[in-house]
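>>> This is the structure alone, sequence omitted:
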């Protein structure tokens with residue numbers, strides 16, 4: 001195959017390639033010879049059909065397969081001979097082909113940049129450590145005990161007050177018409193908890209069991225159901241029973257309700273959960289710091305098409321969010337043009353870091369094992385109790401989804417590799433210090 005490089009500009013490459021008629025004919029002949037033992041034609045012994053006859057019968061069908069093989073091998077050779085790695089599948093443009101003539105085509109591609117990695121031992125990073133404090137555990141216990149409180153009937157009848165649990169039947173109407181989801185029987189509602197639309201619970205304070213009351217409210221303008229948003233409504237309510245919540249006791253009995261041996265064991269579990277949450281946040285923080293230093297410490301160009309694809313994905317998600325409730329929070333007074341420029345930088349950073357981490361993994365033989373993949377899929381399946389087998393089958397049938405599982409595994413392995421070499425200072429911190437980088441991390445889109 002004749003290969004002529006017609007463009008070498010940054011990471012862009014173009015080639016003019018020509019497959020001679022002789023190469024095509026030889027490839028077709030080779031394929032027909034491979035086929036011969038499996039072909040049975042009338043008048044010939046099995047597997048003994050002459051290649052000349054096979055060419056007459058199957059030549060045109062084999063031609064495309066033969067050309068495809070030559071093209072794939074030629075492309076691989078063209079890049080390998082120049083020590084280049086395409087960033088994605090090259091774009092091919094074939095000219096008109098006539099049987100028995102040479103086949104000419106052009107190749108357009110972008111290549112991966114050469115990356116010289118920094119000395120990771122020169123990196124200085126900070127690992128924050130935040131243990132669970134006694135007051136953290138106690139606060140969690142109090143919230144847990146509050147959530148576990150039971151209700152009992154009143155010993156003596158009295159009007160309802162905030163904190164009581166009322167059992168109600170109700171029918172809601174807008175413009176005199178009942179609406180879907182606006183009625184229920186035997187509903188338990190804690191007054192003052194803010195579970196219903198504003199004003200509903202307040203109007204039941206002072207009502208006694210057995211009494212009926214019309215509750216007049218207005219649905220908020222931003223209410224989820226558009227047909228109700230901003231509308232006035234009337235609920236015909238009957239209070240059938242009045243209950244009070246028991247005291248929130250923090251003791252061994254509370255622990256036993258959730259399967260723990262005693263209060264000490266429950267506290268230990270809560271402390272472990274809080275510490276685990278802090279450890280996850282600390283891990284995210286040091287990764288963010290590491291990625292910042294890696295980005296600053298390496299100079300190389302990113303393939304423009306990869307950056308554009310990444311930007312398109314990010315911008316598509318951002319545009320959806322700009323149409324929702326978080327629009328002002330995301331926009332922060334910026335125009336679309338300013339936001340696009342900002343997220344294009346994020347796309348560039350993501351692509352550069354992805355290429356860098358992949359190169360570090362390659363240079364240091366950091367591999368993803370079947371055990372790593374299996375563990376990650378099992379963790380995913382655990383989020384769908386009773387449907388684990390469906391999750392396993394999904395990944396078996398979707399190689400692309402499996403690739404999405406592998407990417408974060410490789411990222412974490414490379415991060416661990418670098419942290420082993422870097423100078424990492426362990427420093428005690430408060431939860432507030434630990435969490436203050438969360439907004440920056442979300443904005444950069446790393447990890």
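Right, received. Where do you want to start? The model shown is predicted, which means the values in this text are computed figures rather than measured ones.
>>> Just the element for the closest residue to residue 189 other than its chain neighbours, please.
When the adjacent residues along the chain are set aside, residue 189 lies closest to residue 166, with 5.4 Å between them (CB to CB, 6 or more residues apart in numbering). Every C-beta, even on glycine, is put in place using the N, C-alpha and C of the backbone. When secondary structure is defined by DSSP states H and E, residue 166 falls within strand 165-174.
>>> and that strand, which residues are buried?
Using 16 or more other CB atoms under 10 Å as the test for burial, strand 165-174 gives 165-168, 170, 172-173.
>>> can you name the two of those residues that are farthest apart?
For the buried residues of strand 165-174, the farthest-apart pair by CB to CB is 165 and 173; their separation is 25.0 Å.
>>> just to revisit the earlier point, show me what contacts the residue nearest to residue 189?
For residue 166, the contact set (CB atoms under 8 Å, 6 or more residues apart in numbering) comprises 160, 188-189, 191, 204, 207, 239, 241-243.
>>> Which pair of these spans the longest distance?
Of all pairs drawn from the contacts of residue 166, the greatest distance, 15.1 Å, lies between 188 and 207 (CB to CB).
>>> who has more neighbours, the two?
Under the neighbour definition other CB atoms under 10 Å, residue 188 and residue 207 were set side by side, and residue 207 has more, 20 against 12.
>>> The more buried one and residue 160 touch, don't they?
Yes - the pair residue 207 and residue 160 passes the contact test of CB atoms under 8 Å, sitting 5.4 Å apart.
>>> Now for the two: what residues contact both?
What both residue 207 and residue 160 touch, as defined by CB under 8 Å, 6+ apart, is the set 166, 239.
>>> Residues contacting stretch 188-198, please?
Contacting residues not belonging to stretch 188-198 are listed as 151, 160-168, 201, 204-205, 217-220, 223, 243, 245 [CB under 8 Å, 6+ apart].
>>> how about a cut-off of 6 Å?
Judged by CB atoms under 6 Å, 6 or more residues apart in numbering, the contacts made with stretch 188-198 from elsewhere in the structure are 162-167, 201, 217.
>>> and of those, the nearest to residue 428?
When those are ranked by distance to residue 428 (CB to CB), residue 163 comes first, at 40.1 Å.
>>> Helices of the stretch 51-200 of the chain, residue ranges please.
Using DSSP state H, counting those that start in this stretch, the helices of the stretch 51-200 of the chain run over residues 51-81, 134-147.
>>> Which one of the ones you listed has the poorest average confidence?
Per-stretch mean pLDDT for these is lowest at helix 51-81 (a mean of 86).
>>> Strands along the stretch 1-150 of the chain, start to end?
Ranges of strands within the stretch 1-150 of the chain are 2-9, 12-19, 91-94, 103-110, 124-129, based on DSSP state E, counting those that start in this stretch.
>>> With mean neighbour count, distance to residue 296 and mean pLDDT as added columns, please give those strands in CSV.
Formatted as CSV, the entries for those read as follows, by neighbours: other CB atoms under 10 Å; distance: least, CB to CB, whole Å; pLDDT from 0 to 100:
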stretch, mean neighbour count, distance to residue 296, mean pLDDT
strand 2-9, 12, 27, 93
strand 12-19, 18, 26, 94
strand 91-94, 12, 33, 93
strand 103-110, 19, 24, 94
strand 124-129, 15, 13, 94
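>>> ok, now how distant is residue 332 from residue 87?
Taking CB to CB, to the nearest Å as the measure, residue 332 falls 33 Å from residue 87.
>>> which of these two has more neighbours?
It is residue 87, of residue 332 and residue 87, that has more neighbours when counted by other CB under 10 Å, with 19 against 9.
>>> wait, what's in contact with residue 132?
Contacts of residue 132 were listed using CB under 6 Å, 6+ apart, and they are 271, 274-275.
>>> which of those tops the neighbour count?
Of these, with other CB under 10 Å as the count, residue 274 tops at 19 neighbours.
>>> What's the per-residue pLDDT of the closest residue to that one other than its chain neighbours here?
If you skip the residues right next to it in sequence, residue 274 has residue 132 as its closest partner in space, 3.9 Å away by CB to CB, 6+ apart. According to the per-residue confidence, residue 132 scores 89 in pLDDT.
>>> the longest helix in the protein is where?
Counting residues, the longest helix found in the chain (DSSP state H) is helix 263-296.
>>> can you give me the angle whichever helix or strand comes after that helix makes with strand 103-110?
If you walk from helix 263-296 toward the C-terminus, the next helix or strand you reach (DSSP H and E) is helix 304-322. Direction vectors for helix 304-322 and strand 103-110, defined by axes from the mean of the first three to the mean of the last three CA atoms, to 10 degrees, enclose an angle of 60 degrees.
>>> Identify each buried residue in helix 304-322, please.
Applying a neighbour-count criterion of 16+ other CB under 10 Å, the buried positions in helix 304-322 are 305-307, 310-311, 314-315, 318.
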